[in-house]
Structure formats: structure tokens, C-alpha cells
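Chemist: Based on what follows, work out the 3D shape:
(chains A, B, C, D, E and F)
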6 protein chains.
Amino acid sequence: MRPSGRKNDELRPISLETGLSMYAEGSCRILFGRTDIICSASVEKRVPFFRRNTGLGWLTAEYGMLPRATSTRNKREAKAGIQTGRTQEIQRLIGRSLRACLDMAALGERQIIVDCDVLQADGGTRCAAISGGWVALRLAVDKLISAGDIFTDPVMGNIAAVSCGIFAGQPILDLEFAEDSEAAVDANFVMTGGGKLVEVQCTAESGTYSRDELDTLLGLAESGTAAIVAAQNSALNA
Amino acid sequence: MRPSGRKNDELRPISLETGLSMYAEGSCRILFGRTDIICSASVEKRVPFFRRNTGLGWLTAEYGMLPRATSTRNKREAKAGIQTGRTQEIQRLIGRSLRACLDMAALGERQIIVDCDVLQADGGTRCAAISGGWVALRLAVDKLISAGDIFTDPVMGNIAAVSCGIFAGQPILDLEFAEDSEAAVDANFVMTGGGKLVEVQCTAESGTYSRDELDTLLGLAESGTAAIVAAQNSALNA
Amino acid sequence: MRPSGRKNDELRPISLETGLSMYAEGSCRILFGRTDIICSASVEKRVPFFRRNTGLGWLTAEYGMLPRATSTRNKREAKAGIQTGRTQEIQRLIGRSLRACLDMAALGERQIIVDCDVLQADGGTRCAAISGGWVALRLAVDKLISAGDIFTDPVMGNIAAVSCGIFAGQPILDLEFAEDSEAAVDANFVMTGGGKLVEVQCTAESGTYSRDELDTLLGLAESGTAAIVAAQNSALNA
Amino acid sequence: MRPSGRKNDELRPISLETGLSMYAEGSCRILFGRTDIICSASVEKRVPFFRRNTGLGWLTAEYGMLPRATSTRNKREAKAGIQTGRTQEIQRLIGRSLRACLDMAALGERQIIVDCDVLQADGGTRCAAISGGWVALRLAVDKLISAGDIFTDPVMGNIAAVSCGIFAGQPILDLEFAEDSEAAVDANFVMTGGGKLVEVQCTAESGTYSRDELDTLLGLAESGTAAIVAAQNSALNA
Amino acid sequence: MRPSGRKNDELRPISLETGLSMYAEGSCRILFGRTDIICSASVEKRVPFFRRNTGLGWLTAEYGMLPRATSTRNKREAKAGIQTGRTQEIQRLIGRSLRACLDMAALGERQIIVDCDVLQADGGTRCAAISGGWVALRLAVDKLISAGDIFTDPVMGNIAAVSCGIFAGQPILDLEFAEDSEAAVDANFVMTGGGKLVEVQCTAESGTYSRDELDTLLGLAESGTAAIVAAQNSALNA
Amino acid sequence: MRPSGRKNDELRPISLETGLSMYAEGSCRILFGRTDIICSASVEKRVPFFRRNTGLGWLTAEYGMLPRATSTRNKREAKAGIQTGRTQEIQRLIGRSLRACLDMAALGERQIIVDCDVLQADGGTRCAAISGGWVALRLAVDKLISAGDIFTDPVMGNIAAVSCGIFAGQPILDLEFAEDSEAAVDANFVMTGGGKLVEVQCTAESGTYSRDELDTLLGLAESGTAAIVAAQNSALNA
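Modeler: Okay, here's the model as predicted:
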């Protein structure tokens, strides 16, 4: 039995609220259960050095947690003067995942920055950030299209992510903190709306795992991301 | 006529929502119009070096803004590796203001950290942070009292803050961004529930001001903070 | 009775020595009693980013203390690799105060940097830095005018600053360290030669204060800054 | 045809030289073709804060590249004052992978630091670092056992890693730089001597990939890591 | 002919003023011509880690320049967040030189920190800092002896330093900036009151130099440091 | 008797291996006994700010040590986020020494960066780095000449360096760590192929030294650097 009482293949309730920022080109608040993240997409004319005068766009992501997003207060990175290795790893993953759905030539020489700030963390923050970040991205691009700034839609499809793991010997979907902290295997899957893989990260936290177990987790992730994609589309059409 | 259409002595609508964090000992989301801040109070056993073995407590505050809390995206301080002078000045003010209502001997040798994170900024963030931070502090102390950890209430009364300024030649209360960016004089007042002063900061942004003008702003601040104190008490009694 | 034996409205002896640097465009050493500061004004062609191609000038200030300016040695900020929040707050105040007397169009697209380095600290360093910094600024601008680089004097009048406070229940002028460390209220006033206000900062260090008490401190500050302005003018005409 | 002329399932020549450091408790130089890394394992009495007085040991890893390990000189991180996100991600992976084979209770309250410094980079540096780092670890633990410092061998088996990818539509094993920079999918697999999985990271660099393709890469990785394990054991028995 | 009009073996006028700080255990202002430095010695109970519980003392030095100590304003190191390589090299030299005259066992487990802050730089600042720093050290130790804190004088003799160089083909003593910036060879000599060598640093700035030329510079340094030692003793006996 | 068993004027075996990097324009691995350093020279089009549009080139050097190059592991500077004062001092010395042989006009407006990374340290690393760095520089310049990028050889001759010291009362050549850590005087000499001096640094580690002793060390250095120059030339002609 999972601490959450959920079935092994059951997601937490997903909530997606769009358009809450008066400033950001695209914004979204996403909840995977009690995990609560604000995602915003900002469009800038200025591109990174390696994209200047190429006609190609770029997307980058940044990730942060409010100090009291966690059970015991974590140190404010701005005060410590450094982003932890974990933070950097997560924001690199978010950026890489969202770039997978973008046609950079269609976007043109502009940069989209996706900020994902965790108000409350209860497991799965990186997957929620990717899933919510995609909605903010979609909205920001819609605004560019409406304004006549771009003509071909550069967003080639949905991107969604979910965590899976092996907990108490069972493969389970969408771990919350109490599960995540005890899992023997911890995995994150990023997939497209069409069910193709973008990124797999699967780590043995204690012991090891087999190819068969990885395959079972892949199956859970397929159904999980399909449900998240449906939630993304509902929120956009609301 | 103010850009906001408000009367010169009219506050923006204030919203105070308590208890939204599943982790923090005290938490509160405060809105002054479209200025939107999450305040949380964390209680720690560990006190700063200068308080060790004194039997006295301490309170410190930290302040941050989400990158897209503003009209154009501001750089994430955690990534820049440094808090700006403005940020440091504001968090020092918040801490100093909230310490003014605390009996450190009654609090005992523990530290309260008040985090104020701005989700959206439309002027007056430091005043909203002080006013909301006090509610989070009050709730955290209530929890210590309920748990039997402390016996004498260390919170000696409310603390509230409001900005005033001279805009288009008129003294006005509670400036929003469009007013703040054009004001000739910009002031912040921190006051107690009993109407006494804790901190006055009044800066000429262009030209200078007279003692009479300062006095008029003080009058506006008195009525403004009284209304904020009433809102704090309503939120706590809700 | 004040520790210093002074009357409540009595300044410490002020000393202002000009022209001691062989390099700086303007320089001055100011003493408020045993508080001892070297101020220098440097003129640079290069303006900050936000002033480029505007035809407008800028003034910025930096503040530092020698490690043994204080009773116990304080850590060298250059070695610590960071300016403290206190240092940043003070240098922002100095810059803001001196900009209040400058006509940026008359100055033209150049930057003046005022450095205030404390050789010895005995209370009131930020006020002495503003008062001495203004003399260095005046001298640097005189040099620009003499050289025919500018034609309209951009300095619109004197700027002087003084601290006041409530000590042992009495409002007093120009606190030295022994008074400052025990004061219930600690205030800094920046005023023009014409007696108008530029900045008021008034902080309750223990307890609170009333509007009447603030008004009394304002009165002390008026007479104090008038005397400092006279000393500035004497030093320049010497 | 691969740029290297190798068959799709063919590793580069592996070279493993042990015992080259006069100081390190364990050391090894590993070459995967022209990728050339020095690995050293240092044993320290001091453990991280979270392991003090637990009786349990710890292993951590650090990774660096000489500035001219690459085709164009990369900035020295020590001079830049910061490790890049890529560096931190890699050293976290190395540490996590090697901890997977360690019985921390058998190791006892001591820390092993594995340093992996890349003399020359031609693709696959993180996998070579893990594979060579394991040999340095094995040697350092052997020394502890020989010295009678520990009695139960804490190393539970070999750890080896290899990269795979999809290049020109073909799944290939052990990518060198010319292949890596053009691959559509880039994966790293960490496995045990017994063929179990420790970590899978599989990223779509352009487009996406299917579950079947991931499975093919897993098959290549199984044969690749088996060969590396054999090379590790030969080097240790030489 | 030297730009200064001095003879090749002629020092600039030396001025040494003691006891100017109301706080420091020892202090001194030294001028080598227009080079102007404040030196202070602080005594602390706390020693560096490597000296704890050894019964031995330590001396360390720090060096800084006011931003406008130079012809064009140099960046404030505290603001840049880093001490330059030049600063670190100089403060290491000062510390090493002054430690050469100290009996660390006689000093006992305490640390002396010598701060050398350059008010104005006109060549030879590191040599003036060593020569003035020694006077501050001597005074601080005298105070420890007077207070009965130590019984055996740990200062084994004077330390003085002077620069020499080859300028326009001539070996010269005590270079000022105009000479230093054009010199082909630039040397610094640290010597004891008894004429023994403590440190020699001799650098070819353009071209090279011979053993004979080095020997001539050594001769100049001997007479120069002897005169500085005499000035140190006069200042202490004044 | 020296710990090494060498005669007082005897160098350690020198090994110089060239051309080991597949990327660097010039590279060399140098061993002074067990001191082992990789030197590489990189040629860049981009020159520092102060050389832009001057037609003159520049050379700079960087120095680092692998964490386990030493008997006990030293902290990785990239992780600490700062280069130590010792590192900065050494890399400034290497750069200055190698610039002494370069005709910057003949080199033209390009920069050569010499990286010296210590794989193993057993005394004399800065001297070995200079001596090996010169070989890397020579090779990089040869490549520029072969490619027709420059026409006049900017390298005006060899640069070599060696340490000397007074150990157990005896002047000795080329100290290894066991000697260096006990030496009363520690000196480094940088010389040209023609036997002229470029830099002398001679420090009393305990006590002082006389002009005669310095002269004896100079004699040892002359013979030592002559042998190193011969080894440089052999390696280049091999």
C-alpha cells in the first residue's frame, strides 16, 4: 500500500491555472497534488552569444524553490550566492526538454526564458515544472503569433513529464515526497504528446534494477504523461 | 487625478490569506492591489552567533522577487550569485521592523526567519512584506504558545507599513508602480497597532521637501497603517 | 548628561581639509570629532549603461572602512569578497543624497564617483561622508568649470547631513559611538543649504517614537546642518 | 559508416594503468581511445556533516578538465571562480554511480574522494571517469584492507559505464566526439559487473526516440560494460 | 638625470608618524615622498587553525589601496568582490617579511594582523608598507610587554625595505612612479637592522640583467635600508 | 647529506616529452624527478583589452594542481571558487618570465596562453612549469611560423628556471619537497639561454642570509639552468 493510498498507476490530482501573471508573456500555476509551482515564460529579443546572427531562436529555463517550500527551511540560494548542483541539473533538464518541441528557425532570433519557482515541494517538482513550463511556453508563443511576430507555429507538440519509481518492491507512478524518499529506484520520463521519449533518467538509489523493471516503469510513464498532456490541453482550451 | 483613479488617501484593496503552507510554522499571502507576496515564518532552534547562550531570541528576514514579478524580467539573484543592494536594504528593513514588536527574552533562545517572496510587484512591496510578514510571525508564535514551548506572548502588538509620496504635487497614500515611478518624494512608514512610529524613510526623488510636507505624509500613513492593522486582525480572526 | 559632556544641541568640532590628494579631481578630509573620513571625487567620461547617449550625467558613491577604523578590528571587505548590507545601504544613501543637488543635464554625459573611506569611526560616519563628499564634489565640478569643460554650474546648492537620536530620554544632536550604541531612536537627516529636506531616516532601536519626538529631532537637524553648511563654505573659501 | 570506422557495437581500445601516483591511496589512468583521464581515490577520516557519528562512510567525486583538454581552449573553472552546471552534473553522476557498489557500514566512518581529471577529451569522459574511478576506488579499499583498517570488503562488485547513441539513424556503442556532436540520441549507461542497471540517462538531442530504440541501446550497453569490466579486472590482476 | 632630480643613491624624504589611531594596538603613518600609507597592528587572541594549541603566535598582513590612491581611479576591490593577484602577492610579502623578525614562541599563542592601507601611491608602496608595518608591530608588542602580557620581547630587530631599479641605464635607489614605470629592472629588498637579507625580488621588466648589476642594486639597498632603520628608531624614540 | 642523496650541485633527472596533446598548438610534459607537469600553449586571436589595436601580442599563463598532486589532498580550487594567493603568484611569475623572451611586435596581435597543470608535486613546480612552458611556447610559435602566420621569429631565446636553497647549512641546487620544507633559504632563479637573469626571488624561511650566500646560490643557478636549457634543446631536436 502506498503512503498516499493511491493505486500503483494512479496520478495525483493535477491542477493547471493559466494567465495569472499581469506581466509574463505566458504563465501557469501547476499542482501535482501538493507540489505547487509557478511557471512563467518571458520572450526577449536578445539571444545567447552562440545564436547571434543565425536567425535561430533559443529557450532556456531557470528553477528555484522558495526557502520554505520544504519541510525544513532550505537556504536561500540568492543569499548563499550560488545555485546548488541539484538546481543546475534540474534547470538544464527543463530547458533541454522544452527545446525538444521547438522549431528554432520558426521561432526566429528571440529567446524564451521559462522560470519555474516552487512554492511548495512534495515530490516530482522537476516533472511538474516541465509540464507546467510547457503550458507557459505555449501561451507565450500564442501571443507572438497573435501579434503577428511569427507566422509558423514553432511549437511542434506537447511535452510532459512524470516520475516513476520502485517503492516497497512495487513499480509506482508519480511519487510524492514520502514515497520518493524511500524508493529503491527513482526515474523521470519526459515524453511528447505523441508518446515518444525525449529523456529518460533512471537511478538506483539503493541496489540496482533490471531491464525488465525499467520497461515496466516506461509503461507507467506512458499512461501518466498521456493524462498530463490531456490536462495541459484542457487548461489551454478552458 | 491618480493613475489608479483612487482618492489621495485611499488604500488599494488588501487581501490577506493565512495558512497556505503545509510546512511553515506561520504563513500568509498578502495583496496590496496587484502587489502579491508570500510570507512565511520558520522557527529554528539555532540562533546567530551573537545570541548564543544569552537566553534571548532573534528574528531575521529575507526578501526576494520571482524573476518575472516585474514588467520586464529581472535577473534571478541566485544565478547572478549576489543579492542586490536594494534587496539587502529591504530585508534589513523588514527584519528591523518586525523585531520592534518582539520581546526577545519571552521568545527565548530561538530564531524566527521571515521569508517574503514577491510573486508580482506593483509598488509597495517592502510595506506589504512587513505587513504580511507580521501575520506570518503572529501565527508562528501562536503555534509555539499552543505547543507549550513558550508561556509569555513575545509579540507586543501589530506592526504594519505603508508607502506615501508626493505625486503631481499631491501627497498620496499607498503608491502603485505607475505612481511610484513618477513621484517627487517617496516615503515608507512602519507603525505599531497603537499608532507609534517604528521607522520613517522619506526620500526626495527629484527636488526636495519641507517639514510640513513630511507632516502631511505622516498623517496619511497613520490612517493607512490603522486600516492595515484592522485587516491583519480580521485575517487572524477569520 | 551626554557621555561626551556636550549640550543636547551641540555638534562635535568639525574639521574640513581640502585638496590633500595629488590625483583626485576633488578631495577633502572631514572630521566630526574623532570620526575621520577621506572623501575624493573622480570624474570619468564613461557613464553607466542607462545614461549612455542621453546627454545626462550621473553620480555614484562608494563607502568603505579601514579594518581598524573601529574598536575591534572589522574584516576587510575586499578579502571577504563582499560588501556588507550596511556598506551597500550607506553608499546608496550617499549617492542619492549628493545627486539631489546635481543638475544632470548641466553636468553632461560624465560620471562623478565619490569615494568615502573611513580612517576612524566614532559615530555618524554616513553623515560625515555625505557632508565631506559634497565638498569633494564641489571642488571637482569647479575644476571642470575652470577647464572650460562645462559652462553652467550643475551644483545647485550645499548638501549636509547630521545624525540625531533619543538618548537617555533626551533628543540629542550628532551622536558619537558611545551615544549611538545606547540610543533608543537613531535618525539621519540630509538637508540642503536652504534648509529643505532631502532624506529622513528615523529608526526605533528599542521601543517606538511619536510624531512629536520626530519633530523635535527635525528641529535639531535643521540647526546642525546649517552649521555644517557654514563649515563647508568656510573650507571652500579658505 | 562511423567516422571512426568502427563497427556499431565496437568499443574504442581501452587502456588502464594503475598505481601511477606516489601519493594517492588508489590511482589509475584510463583511456577510451583518445579520451584520457587521471583518476585518484583519497581516503579521509573526516566525513560530511550528515554522516558524523553514524558509523557509516561516504564517497564523493569531483571532475575537472584541463583547459586544453578540448579542441578550443576552455576557461579554467578555478579562475572563473565557478564550476559549470555540466561539471557539477557529471561529478554528481560519478559519485552516485560509485556509491552504488559500496557498503557504507563496512567502509566505516571515513570518506573516499574520487578525483577525475580529464587530460584529453574525445567523447565519453563521464563514462571513462566512472570506469576508471572504480579502479582507483578498488585500489584504495584494498590498501585499507591490507593495513587492517577494515575487515569486511565494502566494495560489492564492479561498476562500469559506457555511452551509446543513435548516429546517422544507427544505434552505436561508445561515441567519440565526432559522433557525439552529431548524434540524434545520446545515452549513458552505468552497470554492475553482474549486468544490472545503476543509472540510465538517455536524451534526445534532436527529435525523439521510441521504447524499442532505447531497448536496442540497452543491449549495446550490456555488451560494452561487460568488456570494460573485463578490462578493469585485468588491470587489477596485472 | 632622474625625473625626481634626486641622486642615484638618494632616498625620498621619509616621514613616520606614530600613535594616530585611537583604537589600534600599534599604528603609524609612513610617507616615502608622496607615497602615503596608514599601517596598524591589531592583536587578537584567536590564531589560525594551524597554530592552535601550539603555544606559538602568528603574524599576518593585509594590504589595500583607496580607489583614488592612483592617477586614474582603480576599482574598489571590496566591490569587485576579489583581491587582485597583485594585492595578494604584496600582502603575502609583507607578512613573510615581518614574520622574519618575530620569535613566535616568545609572542605566545596570539595573532598580530598588520593592515597597510595606501592613501596615495607614488611608487614603492610595498616597501613603505613593510617599513611602516614594522613600526606598528613594534608599538603593539611594546603595549603587550607594558601590560605584562608577555615577558620576553619577541621582536628580534628592525625590518625595513626599499626598492631599487635600473632606469635609463643607471642603477637607482627608491623609485617613484615616474621612474618605476620606465625602469628596465625593478627590485625590492627586505633587510634587517643588522644588514642581513630577508627577501630579494628582482625582475627584468624589459630585457635582462647580469649578476654584476644585481650586486650593484644590493649595495644601494644596503645603504637605503640603513637610513630607513634609523628613521624607524627616531620615530619610536620621539 | 641531502635527503635525496644528490650532490649539492646536482639536478634531478629531467624528462621532457613533446607533442602529447592532439589539440594544443604546443604541448610538453616535464618531469624534474617526481615533479610532473603538463604544459600546453594555446594561440588565440583575441588579445586583452590593453593590447587591442596596438599590433602587439601578449602571453599569459595559468597554473593549477590536481587535487591529489600532493601528499595530502588539497582542495580543488574550481570548487572552492577561488585561486589561492600562492597560485596567483606562481602564474604571474610564469607569465612574466616567458614574456621576457618574446618580441611582442613580431608576435603580432595574438595571445598565447600557457597552461601548466601539476600532476604530481615534489618541489620546484614553478621552475619546472617555466622550463616546460617555454618548450610549449616554442612549439606553438613554430607552428605559427610554419603556417605562414608570422614571418619573424618572436622567441628571442630560451627561458629556464631552477630553485636553489640553503639546507642544513649547505647551498644546494634543485630542491625536492623533503628539502624544500626544511630549507632556511628558498630561492627561484629564472635565466635566459645566454646566462642572463630574468627574475630572482630569494626568501629567508627562517633567519636571514648574506650577500655572499646569495652569490653562491646564483652560481648554482647558472649551472642548473644551463643544463635545463640543454635538455629543452634536445627535446625540441628529438
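
Chemist: Can you read off the backbone torsions of the closest residue to A:Met156 other than its chain neighbours?
Modeler: By the measure of C-beta to C-beta, 6 or more residues apart in numbering or on different chains, the closest residue to A:Met156 outside its immediate chain neighbours is A:Cys101, 5.1 Å from it. (C-beta placed from N, C-alpha, C; glycine too.) When read as degrees, to the nearest 10, the backbone of A:Cys101 gives phi -100, psi 10.

Chemist: OK, contacts around A:Cys101?
Modeler: Taking C-beta atoms under 8 Å, 6 or more residues apart in numbering or on different chains as the criterion, A:Cys101 is in contact with A:Trp134, A:Val155, A:Met156, A:Gly157, A:Asn158, A:Ile159, A:Thr192.

Chemist: Around the fifth one, how many other residues sit close by?
Modeler: Neighbourhood size, A:Asn158 [other C-beta atoms under 10 Å in any protein chain shown]: 22.

Chemist: Likewise for the first one?
Modeler: Burial of A:Trp134 is recorded as 31 neighbouring residues (other C-beta under 10 Å).

Chemist: Any idea what the nearest residue to it once chain neighbours are set aside is bridged to?
Modeler: Distances taken as C-beta to C-beta, 6+ apart put A:Ile159 closest to A:Trp134, at 4.6 Å, once the chain neighbours are dropped. According to DSSP bridges, the partner residues bridging A:Ile159 are A:Thr192.

Chemist: so A:Ile159 sits right up against A:Lys196, yeah?
Modeler: No: in terms of C-beta atoms under 8 Å, A:Ile159 does not count as a neighbour of A:Lys196; the distance is 10.5 Å.

Chemist: more crowded one of these two?
Modeler: For A:Ile159 and A:Lys196, the more surrounded residue by other C-beta under 10 Å is A:Ile159, and the numbers stand at 31 against 16.

Chemist: how much space between the more buried one and chain E?
Modeler: A:Ile159 sits at a distance of 38 Å from chain E (criterion: C-beta to the nearest C-beta, to the nearest Å).

Chemist: Just list the residues touching the residue located most distally from the centre of chain A, thanks.
Modeler: No residue in chain A sits farther from the centre than A:Asn53, which is 29.7 Å out by C-alpha atoms, centre = their mean. Contact partners of A:Asn53, counting by C-beta under 8 Å, 6+ apart, are A:Glu109.

Chemist: Please identify the residue of chain A positioned nearest to chain F.
Modeler: With C-beta to the nearest C-beta as the measure, the residue in chain A that lies nearest chain F is A:Ile82; the distance is 7.8 Å.

Chemist: Can you give me the distance of that residue to chain C?
Modeler: The spacing between A:Ile82 and chain C, counted by C-beta to the nearest C-beta, is 12 Å.

Chemist: Tell me how far stretch A:47-54 lies from the chain's centre.
Modeler: Taking C-alpha atoms, centre = their mean, to the nearest Å, the mean C-alpha location of stretch A:47-54 is offset from the chain mean by 25 Å.

Chemist: buried set for that stretch?
Modeler: A:Val47, A:Arg51 (16 or more other C-beta atoms under 10 Å in any protein chain shown).

Chemist: Compute the first-to-last residue distance for that stretch.
Modeler: Terminal residues of stretch A:47-54 lie 10 Å apart, using C-alpha to C-alpha, to the nearest Å.

Chemist: Tell me how many other residues surround the closest residue to A:Gly19 other than its chain neighbours.
Modeler: Distances taken as C-beta to C-beta, 6+ apart place A:Ser27 nearest to A:Gly19, at 6.4 Å, with adjacent residues excluded. Residues within reach of A:Ser27, counting by other C-beta under 10 Å, total 25.

Chemist: Contacts only, for A:Ser27.
Modeler: Shown in contact with A:Ser27 (C-beta under 8 Å, 6+ apart): A:Thr18, A:Gly19, A:Leu20, A:Ser21, A:Ile38, A:Cys39, A:Ser40, A:Ala41, A:Ala136, A:Leu139, B:Arg68.

Chemist: Could you verify that the fourth one is part of a helix?
Modeler: No: going by DSSP: H, G, I helix; E, B strand; the rest coil, the assignment for A:Ser21 is coil, not a helix.

Chemist: How are the helices of chain A distributed by residue range?
Modeler: In chain order, chain A shows helices spanning A:77-80, A:85-99, A:104-107, A:125-146, A:177-180, A:211-237, with DSSP state H as the criterion.

Chemist: Extract the CA atoms of the fifth one and return them as CSV.
Modeler: This means helix A:177-180. These are the backbone C-alpha positions of helix A:177-180, laid out as CSV (Å, rounded to 0.1, in the frame of the first residue of the first chain):
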residue,chain,number,x,y,z
PHE,A,177,7.9,13.0,-1.1
ALA,A,178,7.1,10.2,1.4
GLU,A,179,7.4,7.7,-1.4
ASP,A,180,10.3,9.3,-3.2
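
Chemist: which secondary structure elements does it contact?
Modeler: Taking 3 or more C-beta pairs under 8 Å, 6 or more residues apart in numbering or on different chains; DSSP states H and E as contact, the helices and strands that helix A:177-180 lies on are strand A:159-167.

Chemist: what's the angle from the strand it packs on to helix A:125-146?
Modeler: Interaxial angle, strand A:159-167 versus helix A:125-146 (axes from the mean of the first three to the mean of the last three C-alpha atoms, to 10 degrees): 170 degrees.

Chemist: which residues touch the spatially most central residue of chain A?
Modeler: Closest to where the C-alpha atoms of chain A average out (C-alpha atoms, centre = their mean) is A:Ile130, at 1.2 Å. By C-beta under 8 Å, 6+ apart, the contact set of A:Ile130 is A:Leu93, A:Ile94, A:Ser97, A:Leu98, A:Ile159, A:Ala160, A:Ala161, A:Val190.

Chemist: still on that earlier bit, distance check, the residue of chain A closest to chain F against chain B.
Modeler: Here the criterion is C-beta to the nearest C-beta. By it, A:Ile82 lies 6 Å from chain B.

Chemist: How many residues are close by the nearest residue to that residue once chain neighbours are set aside?
Modeler: If you skip the residues right next to it in sequence, A:Ile82 has B:Gly81 as its closest partner in space, 6.1 Å away by C-beta to C-beta, 6+ apart. Residues near B:Gly81, counting by other C-beta under 10 Å, number 17.

Chemist: And for the one 5 residues further on?
Modeler: Residues near B:Arg86, counting by other C-beta under 10 Å, number 14.

Chemist: One more: A:Ile112?
Modeler: Counted with other C-beta under 10 Å, the neighbours of A:Ile112 add up to 27.

Chemist: How about it: what's its closest non-neighbour residue?
Modeler: Across the structure, with C-beta to C-beta, 6+ apart as the measure, the residue nearest A:Ile112 apart from its sequence neighbours is A:Leu59 (4.6 Å).
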